[in-house]
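>>> take a look and give me a structure for this.
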Amino acid sequence: MKNQLTFAHIGDLHITKAREQNYIDFLSIISQIEIECSKQLDFVFLPGDNADNGLPFQYQLVETALKMLSVPVHIIPGDHDMEQGSLENYYQLSHTRKLPYSFTKNGCRCVLLDVCGRGKGGPDFRLLDEQLIWLENEFNLAHTESNKIVLFMHTYPADLADMKEIARLNQLISKHQVVLVDMGHTHYNEISNDGHTIYSATRSTGQIEEGPVGYSLITIKDGVVSWRFKPLDDPFPLVVITQPADYRLLTSKDHTIVDKIEVEAIVFGSRDLEQVKCKTENNTWLEMTKERDNIYSATLYDLPYADKISITVEAKDLTGRPGRHTICAATPLFIIERKIKDGSNRNAIDGWPENGIFGTQLGPNQNGKPLS
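So this is what the prediction gives:
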């Protein structure tokens, strides 16, 4: 049985008209995902603000683009989807389902929320009692079935309009194995790590203030979250190291490396591969073994004495084109800082440009701000 969840996140679309650049970019992203990534993906996620004004013809444009995908699509609404006063037009999309809903895939309970349709529009983000009660039941069920939890919502818990709802949601997250909260709303890439849960936001496709257009590729394996942004114009193959955890995404001492490194990576791209290899900064290259579906593994020994160790995986396709990914894994010497768990961006990591995070927070929706 597969124990790795892999999905693509296409940030807030803000679709307006067919001839606008963001719609052309969206079509290009969908085409690229279908050709280069679809065999490795469990689904594609859209985090809300799909139609900039919530109008029927804007959703028709989204619908047309999504027809190119052969993988499942999961969509939630954002505040722009509420611009007409309800989510009636949003629910005309064939890929939408009545929210909230959940599904289990590869050891993860994926839970999708509506924080927009219960408010008055704009940034009036709310859950209400009925959805919170449902959410608690979902989290309890995931615990009973020994599944990790991935929560999908438009924005950080700290952006909810009701302080009591913020407290209740944060309490539920801290009580259960919520490994990832994946969001939209910001117009920049951001990862926040509170020591228990990773919060990730992918930059907008439709309104861009920071960096190149693209999408993020996210994996969860044995509680370890991997996240990498794929600029649309960057070539394949694209490598994502899925094991071990990068120190910036570390939420448990159990995910540190001790006397050896079990390295796993997934390689995206449609071309056959000639070789996949890995190394630490002080070792020679070691060829990796193909496990399945472009997932490769190897074991590295002779580790340096340090709190962090750099690991690189390189894949080369039959044309000779290489793709690389480098992370820094933590050893038991690494000190995990105590952090405040308030569902905000208080714990946002600094710039990580190799992974597409600039740390500049350029955009109109610097969300998830600490309350104090």
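>>> return the residue of the chain that is most distant from the centre.
D302 (32.7 Å; C-alpha atoms, centre = their mean).
>>> can you give me the strands in the stretch 151-300 of the chain?
Counting by DSSP state E, counting those that start in this stretch, one finds strands in the stretch 151-300 of the chain at the ranges 178-183, 190-193, 198-201, 214-221, 224-231, 238-243, 261-268, 273-280, 286-287, 289-292, 295-300.
>>> gap between the residue farthest from the centre of the chain and I309?
Separation of D302 from I309 (C-beta to C-beta, to the nearest Å): 11 Å. The way it works is simple: take the backbone N, C-alpha and C, and place the C-beta from them, glycine included.
>>> got the buried residues for stretch 257-270?
257, 261, 263-269 (16 or more other C-beta atoms under 10 Å).
>>> again with stretch 272-282
Under 16+ other C-beta under 10 Å, the buried positions of stretch 272-282 are 273, 276-280.
>>> can you dump the C-alpha atoms of that stretch in PDB for me?
Output in PDB follows, covering the C-alpha atoms of stretch 272-282 (Å, rounded to 0.1, in the frame of the first residue of the first chain):
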ATOM      1  CA  ASP A 272      12.600   8.300 -18.900                       C
ATOM      2  CA  LEU A 273      15.500   8.700 -16.500                       C
ATOM      3  CA  GLU A 274      19.100   7.600 -17.000                       C
ATOM      4  CA  GLN A 275      20.200   7.900 -13.400                       C
ATOM      5  CA  VAL A 276      19.200   9.100 -10.000                       C
ATOM      6  CA  LYS A 277      21.900   9.600  -7.400                       C
ATOM      7  CA  CYS A 278      22.400  11.200  -4.000                       C
ATOM      8  CA  LYS A 279      25.100  12.500  -1.600                       C
ATOM      9  CA  THR A 280      25.800  14.500   1.500                       C
ATOM     10  CA  GLU A 281      28.200  17.400   1.400                       C
ATOM     11  CA  ASN A 282      31.200  15.200   2.300                       C
END
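>>> pick the one among the buried residues of stretch 257-270 closest to Y59.
Nearest to Y59 among the buried residues of stretch 257-270, counting by C-beta to C-beta, is F268 at 28.6 Å.
>>> what about stretch 74-87, start to end distance?
Stretch 74-87 has an end-to-end distance of 16 Å (C-alpha to C-alpha, to the nearest Å).
>>> and that stretch, what's buried?
74-84, 87.
>>> can you give the contact residues for it?
Contacts to stretch 74-87, defined as C-beta atoms under 8 Å, 6 or more residues apart in numbering, come from residues 12, 14, 43-55, 89-90, 93, 95-96, 99, 110, 112-114, 116-117, 119, 121-125, 152-155, 184-185.
>>> just give me the closest of the buried residues of stretch 74-87 to R19.
Looking across the buried residues of stretch 74-87 and measuring by C-beta to C-beta, the closest to R19 is H80, at 19.4 Å.
>>> ok, the helix or strand hosting C110: who's next to it in the sheet?
C110 is part of strand 108-112 when elements are defined by DSSP states H and E. Applying DSSP bridges, strand 108-112 is found paired with strand 101-105 (antiparallel), strand 148-152 (parallel).
>>> which of the ones you listed sits closest to E190?
strand 148-152 (15.7 Å).
>>> for that closest one, give the mean pLDDT please.
Averaging pLDDT along strand 148-152 gives 99.
>>> stretch 22-42 now?
Rounded mean pLDDT across stretch 22-42 is 98.
>>> list the buried residues in that stretch.
So for stretch 22-42, counting by 16+ other C-beta under 10 Å, buried means 22-23, 25-26, 29-30, 32-34, 36-38, 40-42.
>>> pull up the pairing partners for the lowest-mean-pLDDT helix or strand in the chain, direction included.
Least confident helix or strand, the chain: strand 289-292 with a mean of 94, by mean pLDDT, DSSP states H and E. Partners of strand 289-292 in the sheet, by DSSP bridges, are strand 295-300 (antiparallel).
>>> which residues sit against the strand it pairs with?
Strand 295-300 has contacts (C-beta under 8 Å, 6+ apart) with 4, 242-243, 260-267, 276-280, 283, 286-291, 311, 313, 315.
>>> buried subset of the contacts of stretch 74-87?
Looks like the contacts of stretch 74-87 have 12, 14, 43-52, 54, 89-90, 93, 95-96, 99, 110, 112-114, 116-117, 119, 121, 123, 125, 152-155, 184-185 buried, using 16+ other C-beta under 10 Å.
>>> okay, and for this structure, where does confidence drop off?
Counting by pLDDT under 70, the chain has low-confidence residues at 1, 208-209, 361-372.
>>> now the helices for it?
With DSSP state H as the criterion, the chain has helices at 21-32, 56-66, 128-144, 163-175.
>>> redo the ones you listed as JSON lines? Include distance to T219.
Output for those, formatted as JSON lines (distance: least, C-beta to C-beta, whole Å):
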{"stretch": "helix 21-32", "distance to T219": "18"}
{"stretch": "helix 56-66", "distance to T219": "22"}
{"stretch": "helix 128-144", "distance to T219": "18"}
{"stretch": "helix 163-175", "distance to T219": "20"}
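>>> from the buried residues of stretch 257-270, which is closest to L333?
Using C-beta to C-beta, the buried residues of stretch 257-270 come closest to L333 at I257, 10.5 Å.
>>> thought that closest one was touching Y301?
No. At 10.9 Å, I257 does not count as touching Y301 under the criterion of C-beta atoms under 8 Å.
>>> setting aside sequence neighbours, what's the nearest residue to the residue positioned nearest the centre of the chain?
Closest residue to the average C-alpha location of the chain: I218 at 4.7 Å, with C-alpha atoms, centre = their mean. With sequence-adjacent residues excluded and distances taken as C-beta to C-beta, 6 or more residues apart in numbering, I218 is closest to W227, at 5.2 Å.
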